[in-house]
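Engineer: quick one: sequence and predicted model below, then my questions.
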Amino acid sequence: QVHLVESGGGLVQAGGSLRLSCSVSGDPFNEKAVGWFRQAPGKEREFVAAISWPGRNSYYVDAAKGRFTVSMDSSSNTVYLSMSSLQPEDTDVYYCAAGPTPSDSAEHYDYWGQGTQVTVSA
């Protein structure tokens, strides 16, 4: 069983930055990747970024490239999503998830956190 807990969301003005954290605990033996997704009410979860354990390879959706950075502290089993130049359209609930390999498909991941709200004001 793997347990993920997100933190770091909040309210920020347009152009600002936030760093989300995803603390991973349990027995992630078969889970070799962590992905970040976003979801608006009534919509499907959308891929944002992913990283392979222990942090050698990272992947991004086009809209995140150059603004978001996914990183990992393997010593503390924590994955970060650093977001800069945030815009109102980045407002959503952000989730981290653990899966066997990096993927942009939500169905690929086995375990999910509870989500953290990111709100960007104009």
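Structural biologist: Nice, I can see it. The model shown is predicted, which means the values in this text are computed figures rather than measured ones.
Engineer: Ser85: neighbour count?
Structural biologist: 12 (other Cβ atoms under 10 Å). The C-beta positions use only the backbone N, C-alpha and C, and glycine is treated the same way.
Engineer: burial of the nearest residue to it once chain neighbours are set aside, as a residue count?
Structural biologist: Leaving aside its chain neighbours, Ser85 sits nearest to Arg67 (4.9 Å; criterion: Cβ to Cβ, 6 or more residues apart in numbering). Residues near Arg67, counting by other Cβ under 10 Å, number 15.
Engineer: the spatially most central residue of the chain sits in which helix or strand?
Structural biologist: What sits nearest the mean C-alpha location of the chain, by Cα atoms, centre = their mean, is Trp36, with 2.5 Å. Remark: Trp36 resides in strand 33-39, with elements defined by DSSP states H and E.
Engineer: now this protein, which segments are flagged as low pLDDT?
Structural biologist: The chain contains residues with pLDDT under 70 at 28-29.
Engineer: could you redo the last one with a cut-off of 80?
Structural biologist: Residue ranges of the chain with pLDDT under 80: 27-31, 55.
Engineer: what are the ranges of the strands in it?
Structural biologist: In the chain, the strands defined using DSSP state E lie at 2-7, 10-13, 18-26, 33-39, 46-52, 58-60, 68-73, 78-83, 92-99, 111-112, 116-121.
Engineer: export these as CSV, with columns for distance to Ser105.
Structural biologist: Below are the strands of the chain laid out as CSV (distance: least, Cβ to Cβ, whole Å):
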stretch, distance to Ser105
strand 2-7, 17
strand 10-13, 28
strand 18-26, 18
strand 33-39, 9
strand 46-52, 7
strand 58-60, 12
strand 68-73, 17
strand 78-83, 18
strand 92-99, 9
strand 111-112, 13
strand 116-121, 21
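Engineer: circling back to that earlier point, thought the residue nearest to Ser85 was touching Met83?
Structural biologist: Yes - using Cβ atoms under 8 Å, Arg67 makes contact with Met83 at a distance of 6.6 Å.
Engineer: picking that back up, packing partners for the strand holding Trp36?
Structural biologist: strand 18-26, strand 46-52, strand 68-73, strand 78-83, strand 92-99 (3 or more Cβ pairs under 8 Å, 6 or more residues apart in numbering; DSSP states H and E).
Engineer: alright, that wraps it up for me.
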